[in-house]
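Asks: whatever this is, show me its structure:
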Amino acid sequence: MSLNSIKHFLLFLVCVILTSCATTKVEEFYGHLAPLIEERDISGAVSYVSNFYNGADKYNKLLYSLELGYLYHINKNYKESNIVFENAKSLYSLQDYTSKVFNNGSLLPKYYQGEDFEMAYTNVFCALNYIKLRKKNESAVEARQINNLFNKIKLTDENAIYKDDPFIRYFMGLIYENAGYYNDAMVSYKIALRAYADYNIVKVSVPQDLLNRLYTLYKYYSLNEEAEELKTNYPKTERIKFGECGTLIILNYNGIAPKKAEQVIQIPFDNAWKKYYNTNNDYRNKIIGEFGIRYISAAFPKYERYDNKIKYFTTEITNSEQPGEKYFAESYLATDIGTIMEKTLELNYKMTFYSRINGYVVGMKEIEEIRRSYEEKRKDIYNQNMLKETKRKLLEDLRKETVTRISDIKASLENLNSVDLKSWRSLPETINMANLSLAPGKYTGIIKYFDSYKNIVATKEIKFKIRRGRNRFITTISN
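Replies: Modelled structure (predicted):
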């Protein structure tokens with residue numbers, strides 16, 4: 001074996017060990033975390049992830065940060081949640097560097113880089129954390145960050161599937177409005193309306209509340225032409241009591257987002273060769289004959305959905321000081337994170353099948369080289385002056401070594417390509433939302449959660465206070 005071959009072999013060995021260690025830690029992490037998430041043991045999940053997070057390997061630090069940040073958020077550890085999410089943002093900002101250095105197709109362990117939509121929803125959770133901490137100006141900073149993120153996506157990847165999000169634009173408008181930045185809120189609502197029209201991931205209806213708020217702000221700034229145009233396109237649009245009432249906004253984190261699993265796709269070898277490889281055609285028949293291959297398989301990630309029973313909720317609100325006053329609202333689908341995950345999952349069939357076929361091509365060349373070397377060594381042994389018994393043993397040892405080396409190559413090519421199954425697992429599948437405009441005062445309410453057959457699955461009591469001109473955000477979680 002040459003010095004170059006030894007170096008490559010040692011590098012391969014080191015990388016396999018490093019990759020194996022990183023993968024094993026992630027498998028261990030989710031092996032313990034997944035049941036806690038599925039059973040909605042949030043405090044247990046927080047305890048486990050926070051302990052694991054401190055000793056996390058650098059390759060998956062961003063992934064662990066996202067998990068812990070969200071778990072802190074739904075466990076009402078708002079300050080801690082933002083600290084961890086800020087770490088996630090910092091790690092995400094390094095993705096251009098890590099993608100070039102570590103995720104360039106080499107055998108080195110791959111950093112978890114994060115998805116664009118993951119970082120967008122990080123801003124949503126951070127904004128809500130600041131609202132809960134009564135830091136409305138800081139929450140508005142999150143709205144500005146999300147605008148920068150979407151601008152960056154559009155500039156750097158014009159073919160990106162996820163490059164804007166109507167719900168997040170609408171939600172950040174609510175955040176701006178709550179902080180008193182009415183012009184920013186109006187702009188965000190306008191962008192949200194356009195985003196709903198252009199959204200290519202999942203069909204989501206434009207919330208009536210968004211239309212009403214945009215219309216009201218148009219009137220507030222005396223933009224009467226824009227207001228009338230909006231009213232013409234959406235006749236049900238109404239002006240709300242801007243500055244006089246407050247708004248109850250209920251966000252329900254519903255279900256558990258899909259998890260990544262491995263799927264194996266098998267196609268005829270000839271078809272794969274023509275479609276995905278289309279080079280070294282002389283080797284095709286050699287490979288088919290040598291390996292007896294008629295079909296080629298490759299592994300790809302896919303998302304598997306959980307059976308999330310709850311589909312929507314209703315809320316009945318009572319004025320604590322005037323029990324006769326009751327208000328009712330039914331939720332609507334604000335965003336479908338599960339579908340965003342599925343639509344943005346990149347399946348590079350060409351590169352994967354090309355790599356699989358190229359492995360056979362390289363393997364065939366190695367086998368040919370082994371056989372050529374075998375013939376040379378065999379002739380050399382024959383030409384040597386030695387005892388027949390010694391010669392016979394040397395030839396037999398050479399034959400066995402050659403058979404073993406060829407068998408090892410063939411066996412290695414039978415192994416499927418590795419699939420990266422990492423994803424942000426604790427995210428909700430969907431977020432459902434309900435809005436109610438209410439006069440200032442104290443209120444109580446009952447939230448009823450329904451399945452697709454309109455059966456009540458669970459109920460929750462809430463108590464809250466509405467302030468003039470302020471948005472009151474309440475978050476709940478359900479299965």
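
Asks: can you give me the strands for this structure?
Replies: 246-254, 259-268, 295-304, 310-319, 326-330, 332-336, 430-438, 441-451, 456-466, 471-478 (DSSP state E).

Asks: adding mean pLDDT and mean neighbour count, write the ones you listed out as TSV.
Replies: Where C-beta positions appear, they are placed from N, C-alpha and C, glycine not excepted. Compiled in TSV, the strands of the chain are given as follows (pLDDT from 0 to 100; neighbours: other C-beta atoms under 10 Å):
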stretch	mean pLDDT	mean neighbour count
strand 246-254	96	23
strand 259-268	94	14
strand 295-304	95	16
strand 310-319	96	19
strand 326-330	96	14
strand 332-336	96	20
strand 430-438	96	21
strand 441-451	96	17
strand 456-466	96	14
strand 471-478	95	18
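
Asks: so which of these comes closest to Q384?
Replies: Minimum separation from Q384 across the strands of the chain (C-beta to C-beta) falls at strand 295-304, 43.4 Å.

Asks: parallel or antiparallel, which strands does that closest one pair with?
Replies: Using DSSP bridges, strand 295-304 pairs in its sheet with strand 259-268 (antiparallel).

Asks: contact partners of the strand it pairs with?
Replies: Strand 259-268 is contacted from outside by 34, 294-304, 306, 349, 353, 416, 419-423, 425, using C-beta atoms under 8 Å, 6 or more residues apart in numbering.

Asks: number of residues surrounding F171?
Replies: Neighbour count of F171, defined by other C-beta atoms under 10 Å: 27.

Asks: where's the residue nearest to it when sequence neighbours are not counted relative to L413, distance?
Replies: Distances taken as C-beta to C-beta, 6 or more residues apart in numbering put V124 closest to F171, at 6.1 Å, once the chain neighbours are dropped. Distance from V124 to L413, counting by C-beta to C-beta, to the nearest Å: 46 Å.

Asks: if we can go back for a sec, and the residue nearest to F171, what does it touch?
Replies: Applying C-beta under 8 Å, 6+ apart, the residues near V124 are E142, I146, I168, F171.

Asks: equivalent analysis for A192, please.
Replies: With C-beta under 8 Å, 6+ apart, A192 has these contacts: P166, F167, R169, Y170, G173, L210.

Asks: before we move on, what about R472?
Replies: With C-beta under 8 Å, 6+ apart, R472 has these contacts: G246, T247, L248, I249, F464, K465, I466.

Asks: next: K350.
Replies: Per C-beta under 8 Å, 6+ apart, neighbours of K350: Y276.

Asks: please report how far it lies from G359.
Replies: Taken as C-beta to C-beta, the span from K350 to G359 is 15 Å.

Asks: is I456 in a bridge, and if so with what?
Replies: The partner residues for I456, given DSSP bridges, come to F450.

Asks: I'd assumed Y354 was in contact with Y277.
Replies: Yes. In this structure, Y277 is within contact of Y354 by C-beta atoms under 8 Å, at 5.7 Å.

Asks: who has more neighbours out of the two?
Replies: With neighbours defined as other C-beta under 10 Å, Y277 and Y354 compare such that Y277 has more, 22 against 19.
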